[in-house]
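Engineer: Task: produce atomic coordinates for the following.
(one chain, ligands or ions: 1)
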Amino acid sequence: GYRSRSAYKLQQLDDTADLIASGDTVIDLGAAPGGWLQVAAERTDDGRVVGVDRQRIESIDGVETVRGDLTEDDTQAELAERVGEADLVLSDMAPNMTGEYDLDHARSVHLARQALDVARTVLAPGGDLVVKVFDGRDLDDLEADIEDEFEYVRTVRPEASRDESSELYLVGKGRMTAPVETGD
Ligand code: SAM
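Structural biologist: Numbers count the residues shown, from 1 in each chain. So this is what the prediction gives:
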């Protein structure tokens, strides 16, 4: 069995948007407890899967983990150094919910933008990005910014998230620029 119900969301996202290929290097941001990591490990076969979270992730065969807060530059730098180049960047990061709709939305957009920053650093040309975000007023700006750097963007609402009605995933397909040089 999977560690989280979220695992079914990644299966649906992959089945809908054709994300994971055998041999891929996949980075999963906000990966604890590890359901997405389990699915990614199954679907990449001999690829590489790296999970990051500020919470501890119990070990999974064939999966590397990094512990840290992705809003901090140090964590992003450590990850970039560890991974080099990736084929797919996933983010299921979510803020601690306050129940205040605008605040939860704004915080989720902030986390999604951290994931976009990671993608700018590590994602190979042609690579894909998936970010979770709660619907709200800044969604269109975020989507436009992703659209600038990818061939196209899709919005996917997995069936498994139906009861959390404001949750959706933006999928950037086909990164258009080369990764940013890190200088080393
Ligand atoms: N996809 C995961 C799975 O299948 O098990 C579930 C992820 S859960 C919905 C969201 C995760 O995002 C939490 O584990 C939380 O600790 C993490 N998170 C939120 N903000 C973060 C941040 N700034 N840095 C790192 N992880 C963060």
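Engineer: can you give me the mean pLDDT across the longest helix along the chain?
Structural biologist: When the chain is scanned for its longest helix (criterion: DSSP state H), the result is helix 101-122. The pLDDT scores in helix 101-122 average 97.
Engineer: Just the buried positions in the following helix or strand past that helix, please.
Structural biologist: Following helix 101-122 in sequence order, the next helix or strand is strand 123-134 (DSSP states H and E). If you call a residue buried by 16 or more other Cβ atoms under 10 Å, then strand 123-134 has these buried ones: 123, 124, 127, 128, 129, 130, 131, 132, 133, 134. In this view, the C-beta of every residue, glycine as well, is placed from N, C-alpha and C.
Engineer: which neighbours does strand 123-134 have in its sheet, and in what orientation?
Structural biologist: Here strand 123-134 has these sheet partners by DSSP bridges: strand 86-91 (parallel), strand 167-175 (antiparallel).
Engineer: The shortest one near the ligand anywhere?
Structural biologist: What that stands for is strand 86-91. No. Residues of strand 86-91 are not located near the ligand by Cβ under 6 Å from any ligand atom, the shortest gap being 7.8 Å.
Engineer: Need the contact partners of that strand.
Structural biologist: 10, 19-21, 24-30, 36, 40, 47, 50, 111-112, 114-115, 118-119, 122-124, 127-132 (Cβ atoms under 8 Å, 6 or more residues apart in numbering).
Engineer: Of these, which are in range of the ligand?
Structural biologist: With the criterion set as Cβ under 6 Å from any ligand atom, the members of these near the ligand are 30, 36, 111.
Engineer: can you list these in a markdown table and add neighbour count?
Structural biologist: Formatted as a markdown table, those follow (neighbours: other Cβ atoms under 10 Å):
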| residue | neighbour count |
| --- | --- |
| 30 | 22 |
| 36 | 30 |
| 111 | 22 |
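Engineer: Among those residues, which one sits closest to the ligand?
Structural biologist: residue 30 (2.8 Å; Cβ to the nearest ligand atom).
Engineer: Restricting to C-alpha, output stretch 84-101 in CSV.
Structural biologist: Output in CSV follows, covering the C-alpha atoms of stretch 84-101 (Å, rounded to 0.1, in the frame of the first residue of the first chain):
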residue,chain,number,x,y,z
GLY,A,84,22.4,18.3,-11.2
GLU,A,85,19.8,18.0,-13.9
ALA,A,86,16.2,16.6,-13.6
ASP,A,87,13.6,15.6,-16.1
LEU,A,88,10.6,16.3,-13.9
VAL,A,89,10.0,18.6,-10.9
LEU,A,90,6.9,17.8,-8.8
SER,A,91,5.6,20.0,-5.9
ASP,A,92,2.8,18.9,-3.6
MET,A,93,3.9,21.5,-1.1
ALA,A,94,1.0,22.9,0.9
PRO,A,95,1.0,25.6,3.7
ASN,A,96,-0.4,24.9,7.1
MET,A,97,-4.0,25.8,6.6
THR,A,98,-5.5,28.7,8.5
GLY,A,99,-9.0,28.4,7.0
GLU,A,100,-8.7,32.0,5.8
TYR,A,101,-9.2,31.5,2.1
